[in-house]
Each structure stands twice: as C-alpha cells, then as structure tokens.
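# Attaching a predicted model along with its sequence, questions to come.
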Amino acid sequence: MMEVTSVSDHIVDALRAKGFCVFEATGPDDKKNDFTLESLDEFTTCASELGMRVIFMETQELDEDEFFYEDGFIGVSGDDDDDDDGSIGVDLRSIDGKLRRFEQYIGQCLMVRLTGCFGGASISFFQPAEWLASFEEMRDRARHKAQESSQEAEERLEEERRKNVERLLAMISQLSNSDGFKDAFSSGRPTQGAIVAYIRTTIEGAEELPSGVLRTAANQLRDRLLLKR
C-alpha cells in the first residue's frame, strides 16, 4: 500500500497522467446514488468510460484530538499550560502507550476519497493510510476503557451523593430533639418556609439537597414538633 506521506500526491499524479482535472473539494452530499469502487484503477477506468474529466478529492489529516476521549469523562481535563489545542478529556495514550507510535502521523493524510459525478449519480473511491486500521482499532479499545472508567466514576459519584443525602436527612431528623429547634418554634404553627430556613442555617450542606426533599423533611419535622406539644 502507498506510503501515507505520498498517498494524496500519488493519486493526484495518477489521475492527471490519465487526463483528469483534480479539485480538492467534497463530493455531493447525497450518497444514495453513489457507487463505491474497490481500486484506483477501477475508478479511473469507470470514470473514463463515463466521460468524466473532473474528479473531486477530499483528504483528512490525523489530528491531536483523536488521541483524547471526552464524552462523559469525569474529573479529567487537559492541562491548560501544556495542551495548546484545548483538548479536554483523558489522553488515550495514558491508557495504551502503544498509541504513541502514531504521533508521527499527526498532521499527515489518513485518507483520500475521490468522487466523480455523472448525471444524478456518482462513483467514489476511498484510500486509507496503511496504518489507519491499526490506529482506529487501538484507539477504540482505549476509548472503551475510558468509557468504562467514566461510568465507574459516575457510579461512585452517585453513591457519594446518595450517602450525603442520607447523612443530611439524618441530621435534619435529629433537629426534632434539639432544644434550639424547639425554642425557635415553641409557639404557633411554624410554616414550611420557616423550618426550611432554619434547616439551611443550622445544617451545613443542607442547601445541596433538592428543594422537594428539603420541603418534605421540613414537613416531617413540623409534624413531629406538633405531636410533642
């Protein structure tokens, strides 16, 4: 297979040698009537038989962002001082160090796609770099591991939140035995809002509770207070 550093030049030279004009642009968006050919020779032969003279060539380069996993990853971010491209997420090279061997290809062409149009249809040919399949397989395995780590982190965070809610509710429940709480609401029928305000000023972290949970806890406190009178 062709070297990655010359894949696009090789294809352009081959097309021009056969009389085609090559423009770097994407082909038509509608792929319903597109027929993909398996080789460059098959593509040029078909294009010649169909009377095509203009070929569109789309190229794609390997970007630094391809080495990062971002979606849903918790607690990991790129270093602002070292990460000039602004990537945020986990560096997949920290999961599989073998990915570093592909750093030499950053900025190089990883694929070429040719398209020739005729009438309302088109033919196309796709040429990947020889290393692309290996890179994608290794990168996808690392992404899967990163995704698993993200899910585990989310589960741990959710468990911590649940325990924190339980801890705060237990502290709120104990207020019914507190002399301070009894003195604050020694007469009349306290409103839900007053008890919520008292909880927030008395229990550190109570503001983190969902408002519905906090209101329910306040109602339960009020009911216990009124039963003890």
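It's in.
# now the strand of greatest length in the chain, how far from the chain's geometric center?
In the chain, with assignment by DSSP state E, the single longest strand is strand 109-118. Averaged C-alpha coordinates place strand 109-118 at 28 Å from its chain's average position (C-alpha atoms, centre = their mean, to the nearest Å).
# Now do the buried residues in it.
By neighbour count on 16 or more other C-beta atoms under 10 Å, the buried set for strand 109-118 is C109, L110, M111, V112, R113, L114, T115, G116, C117. For glycine as for every other residue, the C-beta is placed from the backbone atoms N, C-alpha and C.
# Give the rounded mean pLDDT of stretch 192-199.
Mean pLDDT, computed over stretch 192-199, is 92.
# Could you do stretch 94-109 as well?
For stretch 94-109, mean pLDDT rounds to 93.
# Now flag whichever of the buried residues of strand 109-118 is closest to V12.
Nearest to V12 among those, counting by C-beta to C-beta, is V112 at 9.0 Å.
# Nearest spatial neighbour of that closest one, chain-adjacent residues omitted?
Computed as C-beta to C-beta, 6 or more residues apart in numbering, the closest residue to V112 that is not its neighbour in sequence is Q127, at 4.6 Å.
# Now name the helix or strand holding the one you found.
With secondary structure defined by DSSP states H and E, Q127 is part of strand 121-128.
# tell me how far that strand is from the chain's mean position?
Worked out by C-alpha atoms, centre = their mean, strand 121-128 lies 29 Å from the chain centre.
# H10 and L62, how far apart?
Plainly put, H10 is 18 Å away from L62 if you go by C-beta to C-beta, to the nearest Å.
# Neighbour count for these two, which is higher?
For H10 versus L62, neighbours defined as other C-beta atoms under 10 Å are more numerous around L62 (22 against 15).
# Pull the contacting residues for the more buried one.
Shown in contact with L62 (C-beta atoms under 8 Å, 6 or more residues apart in numbering): F102, Y105, I106, G107, Q108, L110, F135.
# F126 versus that one, what's the distance?
Distance from L62 to F126, counting by C-beta to C-beta: 16 Å.
# got it, and L221?
Distance from L221 to F126, counting by C-beta to C-beta: 68 Å.
# the more surrounded of those two?
Taking neighbours as other C-beta under 10 Å, L221 and F126 compare with L221 leading, 24 against 14.
# In three-state terms, label that one for me.
The three-state label given to L221 by DSSP: H, G, I helix; E, B strand; the rest coil is helix.
# quick one: the helices in the protein?
Ranges of helices in the chain, per DSSP state H, are 7-17, 40-49, 132-173, 179-184, 192-202, 211-227.
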